[in-house]
Every structure is written in C-alpha cells, then in structure tokens.
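>>> I would like to see how this sequence folds:
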Amino acid sequence: DFLAKVEELLRDLGTEARRKHPGVKEASERAILQLRSLQTTYVALVRRASTSKTPHPTTSIFQSQEILRPFLLAANYPDANFSLLSLVVKAIQVLIQGDAVCDDDVVYIVRVLSIQANVCCSSFYVKGRATGTGSSNGNGNGNNSGVSNSGTHSHNENSHQHHEYGHNNRERSFSSGTNSVSSASSAGGGGSGSG
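Predicted coordinates for the structure are as follows:
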C-alpha cells in the first residue's frame, strides 16, 4: 500500500508538472525507477525474513533522496500551483509516516515549505492592497473607534446633564464635539422647560 501510494503520487506529480516544470517530470520518472529498484530489494528481504530468523524489513528501506527530490524540486518553485503543492504536501506526509525520509533531508523539507509560506504571505499582502482591504480596515477601525468614543462621550454628558437638571431644575448647556450631543442637550433642555 505504501509503495502504491508513493508511485501514484510520483506519477501525478509528473503529469501535473510536465508543461510548466519539465524538470520535475524527469525527476519523477527517475524516482519511480529508484522506487521499483528498492521494491525489488524489499521483496527479497521479506522472503529472507520469512525463511530465517532475520527481522522483517520496514519501509525505512525506501529512504532515498532520489525519491524525495522531485517533490522538493516542485515545492522550490515560487510559482508552483495549488495542485502541485497539494501533491507535494501529501507525498511528504506519506514518506514521513513510512519512515522513508532521511534525517538529513528534513532541513530541505522545511526550507521549501518555508518558501511556499513566504509566497502565500506575500500573495495575501498584495491582494489586500489591490482590493483596498488594508485601507478599508484602517478607515473602518478609525471610524468605529470614533463612533464608539463619540457615543460614550454623548452618554456620559447626557447622564451628567440629567444629573444637573435634577439638582438645579434648570437648563444647562454642554459643550460637545459632535452634533448629536448638542442636539441631545437641546432636546433635554426643552423637556425640562416644559416640565
């Protein structure tokens, strides 16, 4: 099952990359040949283990840079499309779960995934600027903050105004930075006068 998955992923990678990244396709074909060669060795070890006391081989025998290389090569392209990267991530996951990645190759996996992470971040940033998201958020936050502060200020002054009316029984004027607060003060004054 492990071998079938890896070979299928290599074939799909070669098919996806054949037009835009022919080097990845060639690397995939070489990786399939290497996979089959290691498969022959693996089968021989399994047969030997079944007839002797030697331990059964594991899929760690497939630790090969030749097999990992096409996936790293594909992820190394900043313009790699989503389908290609999906195959890369899935293949790396399969290889790691099968203990088919050398310890020395982990740093290369991290490197190419970091490249794609930076590309995604840059893409989001550019799209945000192109659609005005950043500007909109800035204005939106500013406006919301202003409205919120204005509303709080209005509420505090109205409460204070009501307190003054209750004690002095006469109209007072309150300075305010917004028209709504001034209107509220005028309306409150009219109500007190009629009362």
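>>> what sits against the nearest residue to residue 102 once chain neighbours are set aside?
Using CB to CB, 6 or more residues apart in numbering and skipping residues adjacent in sequence, the residue nearest residue 102 is residue 63, 4.8 Å away. All C-beta atoms are positioned from the backbone trio N, CA, C, and that covers glycine. Going by CB atoms under 8 Å, 6 or more residues apart in numbering, residue 63 touches 99-102.
>>> And residue 24, by the same measure?
So residue 24 contacts 13-14, 17, 70, 73-74, 84 (CB under 8 Å, 6+ apart).
>>> Those into JSON lines, with extra columns for distance to residue 29 and secondary structure?
Output for these, formatted as JSON lines (distance: CB to CB, whole Å; DSSP: H, G, I helix; E, B strand; the rest coil):
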{"residue": "13", "distance to residue 29": "10", "secondary structure": "helix"}
{"residue": "14", "distance to residue 29": "6", "secondary structure": "helix"}
{"residue": "17", "distance to residue 29": "11", "secondary structure": "helix"}
{"residue": "70", "distance to residue 29": "9", "secondary structure": "helix"}
{"residue": "73", "distance to residue 29": "13", "secondary structure": "helix"}
{"residue": "74", "distance to residue 29": "14", "secondary structure": "helix"}
{"residue": "84", "distance to residue 29": "16", "secondary structure": "helix"}
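>>> And the contacts of residue 63, which of them are buried?
Neighbour-count burial (16 or more other CB atoms under 10 Å) is assigned, among those, to 100-101.
>>> export the contacts of residue 63 to a markdown table and tack on distance to residue 58, pLDDT and secondary structure?
Shown next, in a markdown table, are the contacts of residue 63 (distance: CB to CB, whole Å; pLDDT from 0 to 100; DSSP: H, G, I helix; E, B strand; the rest coil):
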| residue | distance to residue 58 | pLDDT | secondary structure |
| --- | --- | --- | --- |
| 99 | 6 | 94 | coil |
| 100 | 9 | 94 | coil |
| 101 | 13 | 94 | coil |
| 102 | 14 | 91 | coil |
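>>> Which helix or which strand is home to residue 111?
helix 106-130 (DSSP states H and E).
>>> I'd like the average pLDDT over that helix.
Averaged across helix 106-130, the pLDDT comes to 78.
>>> any idea how far residue 54 is from the closest residue to residue 9 other than its chain neighbours?
Closest residue to residue 9 apart from its sequence neighbours, by CB to CB, 6+ apart: residue 91 at 4.3 Å. According to CB to CB, to the nearest Å, residue 91 stands 30 Å off from residue 54.
>>> Sounds good, over and out.
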